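In: Mind looking at a prediction? Sequence and model below.
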Amino acid sequence: MNVRADVVELLHAGYSDRAIARQLGVDVKATVAPARLALGLPKAKSGKKAAATAEDLFWRRVQPTDDGHMTWDGYHTKDGVPGLKHGGRFHTANRLAYRIAKGRDPEGYALPSCGRDDCVKPGHHTDRADRQAEKRVDALYAGIFGPDA
């Protein structure tokens, strides 16, 4: 049997037969079920799929806006801090966005640097080290070109 590569990829990712058929626009009985059988894969587990990482869960909770930012559609603490629990730990949305963009945890707080306080889009945040570097550049720039430059 010739099995489609896109079906194989989704089967190995753990998707159910119906989810694969819906996503690819194919028939369950004619395409997906025979592929699962040919590959010797067990039936997919039913129910909600747990997020592998906090970053995966982050992407389920953000909503893009028309102006290129993202807002948080998930839990907020009583102080209004957007975040989520994963692996028994609380992660703020800003910290996760910084980690996704930079590949490391921020030093100190991760704060939006795009001008929107509610933005959680990765790449729109700075940490303490980034803010200190910006201050040094601003001071150097002012020293070279004068305070009014």
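Out: Good, I have the coordinates.
In: okay, residue 106: pLDDT?
Out: Note on residue 106: pLDDT of 93.
In: so it sits in a helix?
Out: No. Read with DSSP: H, G, I helix; E, B strand; the rest coil, residue 106 is coil and lies in no helix.
In: list the contacts for it?
Out: Residues in contact with residue 106 (Cβ atoms under 8 Å, 6 or more residues apart in numbering) are 95, 98, 99, 125, 127, 128. Just so you know, the C-beta spots here come from the backbone N, C-alpha and C atoms, and that holds for glycine as well.
In: Which ones among these lie within strands?
Out: Using DSSP state E, the subset of these located in strands is residue 125.
In: hmm, which of the contacts of residue 106 are the buried ones?
Out: Neighbour counting with 16 or more other Cβ atoms under 10 Å marks 95, 98, 99, 125, 127 as buried within these.
In: so which of the residues you listed comes closest to residue 24?
Out: Nearest to residue 24, judged by Cβ to Cβ, of the buried ones among the contacts of residue 106 is residue 99 at 32.0 Å.
In: how about the closest one, what does it touch?
Out: 55, 105, 106.
In: and if we set it to 6 Å?
Out: Residues near residue 99 by Cβ atoms under 6 Å, 6 or more residues apart in numbering: residue 105.
In: what's the answer for residue 65, then?
Out: By Cβ under 6 Å, 6+ apart, the contact set of residue 65 is empty.
In: low-scoring stretches of the protein, by residue?
Out: Low-confidence segments of the chain, defined by pLDDT under 70: 1, 49-50, 141, 143, 145-149.
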